[in-house]
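Undergrad: sharing a model that was predicted from the sequence below.
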Amino acid sequence: MNDFLLFLPEFSFIIAALVFFVFSLKKTSAPALFHGWALTLAGIGLVVTVAASHQEGMLFFDCYRVDLFSQIFKILLALGTVWVVFSSNELKGIDPRQHAEFYFLVFVCTLAMMMLVSAVELLTIYVSIELSSYSLYLLVSMRRNADQYVETGIKYFMIGVTASALMVFGISLLFGVTHTTYMAKLSETLPNVIRQPAAVIGLLLTLSGFFFKLALFPFHIWAPDVYQGAANQVTAYIATASKMAAAAMIIRFTGLSSAASPDLVKLLIGLSILSMSFGNLVAIIQKDIKRLLAYSSIAHAGYILIGILSMTGRGYASAIYYATAYLIMNYACFMVIMKIAGDGHNLQIKELAGLHKRSPLLALTLMLGLFGLAGIPPTAGFTGKFLVFAAALEKGYLFLVIIGMINATISLYYYLVVIKAAYLLKPVREYAAVPVDTWTRYLSIALIVLMIYLGIFPDQFVSLTEAAARTLF
C-alpha cells in the first residue's frame, strides 16, 4: 500500500491519459466537454501531487526515488499542466477533432516527466525522456494548417533523435567506466574516475539529452522554429512544464561528479556563457513574440546553468528557485499571448500596440512577467538571478557573474521593446478589445501576486529548495 501511495501522483495522470485515450477512440468533436474533463482531471492530479508531497521512498528495484527534490518538481509539472489546460478553452490552433488526442498527449507527457524527475537509473531515465519527447513531437505537429509548419515537426524530431542517440552513447560510456546504471552507485564511483576522458565524455553526452530539452546552446536549434510553428498552447507547455524536468535531471547528473573534474566545470561555464550571449543577442532582432521568447529561453538556460555548475547545495537550491520563477513568469507571458491571439495565430510584437487600453490587467501581467524575465526587482526573476549569481560568486566565478550581469542588461532592451508596444505604441489599425473572463482575471491576479511575493519574501521557498538540494548529496 505504501508503494502505491509513492506512485499516486503518476497514477492520477495515468488515469487522466486513459480517459482521453477512450475519448480519442470515439472520434467525436466536443471541445467544451473535453476541456471540462481535462481541467478537472488536471486539477485532481495537482491536488493529489500536493497531498503526496510528504512521501519518501524507493520503487521498482530502486530505479525510482521519491524524495523532496522530485516531489517539488512534480508539483511544478502538475501546476504547469493545470495552467496550460486552463488556457486551452479556446484551442483554435488545433482541429476540434484532435482535441482529445491533444489532452491525451499532454497528460502522457506530464506523466513521463514526473517519472523522469524520480528516475535514478540510467535506462529508466532514458525511457522516460523518450516518452516525453515523442509526445511533444506529436503535439508540435498537431497544429491546424500544419502544411505551413511541416518543417518544424521534422526538424524537432530529427534534432531530438540525434540528441537521444548521443545520450545513449553517453550512457554506454558511463556504464563501461563505472559498471553500473544506478545513480546511487554512480555517485560513489564517478568522482574517482571523473578525470578519465571516457567518464567526462560519457557524462557530457548523457547530459546532452537534457541540454536539448532545456534548449541550451548548442542544442537550441529547434527552439525558435518549434515555438513559432507549434500551436500557442503547445508552445506554452514546452516553454514551461518541459523545462522543469530538464532542469531537474541536469541538477541530478552534475551532482554525480562532485566538482571533481575542472574540465567538466570549464565546459559547463563555456556553455552557460554561449547560451546567455547567443540567446540575448539574437532575441533583439525578433518581431514574432514567440520567437523572441524562444531565444529568451536559450538565454535563461544559461542562467540556470550558472547555479547548477556551482555544484554546491546553495547552487542547486538557487537553480531550483530560478526554474520555479521562470515557470511562473514565462506562463504569465504565454497566457497573455494566448488570450490576445484567441484564433491561434502567431502574435507579432506590433499587435500588442494599445494593449493597456484593450485589457489593462493583461498588459500589467505581461509587463510584470517580462520584468521578471529581465531580472528587475521586486519580481521573483530578480531574486532568482541574485541567488544564482551569489552561488557562483561563492565558488569564485566572478568573471561568469559579470558576463551574466551584462547579458541581463542586454535582455532588458528587447523586453522593454515588448512593454513599449503594449503601453506606448499607437496601433496602426483598430484592434478589438481582448475579452477576459472571470477565471482568467483571477489567474492573472494570482500570477501577479506570486511573482511579486516570491521576489520580496523568498525565504520560505528558498529554505524548501535548500532542503530539496540536500537530498541530492
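TA: Everything's here; your move.
Undergrad: show me the helices in the stretch 351-473 of the chain, by range?
TA: 355-358, 360-374, 380-394, 398-423, 438-456, 459-470 (DSSP state H, counting those that start in this stretch).
Undergrad: now do the second one against helix 398-423, angle only.
TA: What it means is helix 360-374. Here helix 360-374 points in a direction 160 degrees away from that of helix 398-423 (axes from the mean of the first three to the mean of the last three C-alpha atoms, to 10 degrees).
Undergrad: likewise for the fifth one?
TA: When the same axes, to 10 degrees is applied, the directions of helix 438-456 and helix 398-423 differ by 150 degrees.
Undergrad: turn the helices of the stretch 351-473 of the chain into CSV, including mean pLDDT and mean neighbour count.
TA: Bear in mind the C-beta positions are built from the backbone N, C-alpha and C, glycine included. As requested, the helices of the stretch 351-473 of the chain are exported to CSV (pLDDT from 0 to 100; neighbours: other C-beta atoms under 10 Å):
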stretch, mean pLDDT, mean neighbour count
helix 355-358, 80, 19
helix 360-374, 87, 23
helix 380-394, 87, 23
helix 398-423, 87, 18
helix 438-456, 87, 16
helix 459-470, 83, 16
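Undergrad: and D62, which of the ones you listed is closest to it?
TA: helix 459-470 (19.9 Å; C-beta to C-beta).
Undergrad: would you turn the helices of the stretch 351-473 of the chain into TSV with distance to V336?
TA: As requested, the helices of the stretch 351-473 of the chain are exported to TSV (distance: least, C-beta to C-beta, whole Å):
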stretch	distance to V336
helix 355-358	8
helix 360-374	4
helix 380-394	16
helix 398-423	9
helix 438-456	8
helix 459-470	24
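Undergrad: looking at those helices, which is closest to F278?
TA: helix 398-423 (9.8 Å).
Undergrad: strands of this protein, start to end?
TA: Secondary structure of the chain by DSSP state E: the strands cover 57-59, 64-66.
Undergrad: closest to L271 out of the ones you listed?
TA: The nearest among the strands of the chain, by C-beta to C-beta, is strand 64-66 at 26.9 Å.
Undergrad: need the contact partners of that closest one.
TA: Applying C-beta atoms under 8 Å, 6 or more residues apart in numbering, the set of residues contacting strand 64-66 from outside is 6-7, 55-59, 115, 118-121, 124.
Undergrad: one step back: right, and the helices of the stretch 351-473 of the chain - which one's nearest M276?
TA: Per C-beta to C-beta, nearest to M276 of these: helix 398-423, 4.2 Å.
Undergrad: pull up the gap between A236 and R195, please.
TA: 42 Å (C-beta to C-beta, to the nearest Å).
Undergrad: could you give me the buried positions within stretch 196-207?
TA: A199, V200, G202, L203, L204, L205, T206, L207 (16 or more other C-beta atoms under 10 Å).
Undergrad: from the chain's centre, how far out does that stretch sit?
TA: What separates the centre of stretch 196-207 from the centre of its chain is 24 Å, taken as C-alpha atoms, centre = their mean, to the nearest Å.
Undergrad: show me the contact partners of that stretch.
TA: Contacts of stretch 196-207 (C-beta under 8 Å, 6+ apart): 122, 166-167, 169-174, 176-178, 190, 193-194, 250, 253-254, 256-257, 261, 263-264, 267.
Undergrad: drop anything exposed from these.
TA: Buried among those (16+ other C-beta under 10 Å): 122, 166-167, 170-174, 177-178, 190, 193-194, 250, 253-254, 256-257, 261, 264.
Undergrad: nearest residue to A319 other than its sequence neighbours?
TA: Distance criterion C-beta to C-beta, 6 or more residues apart in numbering; nearest residue to A319, sequence neighbours excluded, is G307 at 3.6 Å.
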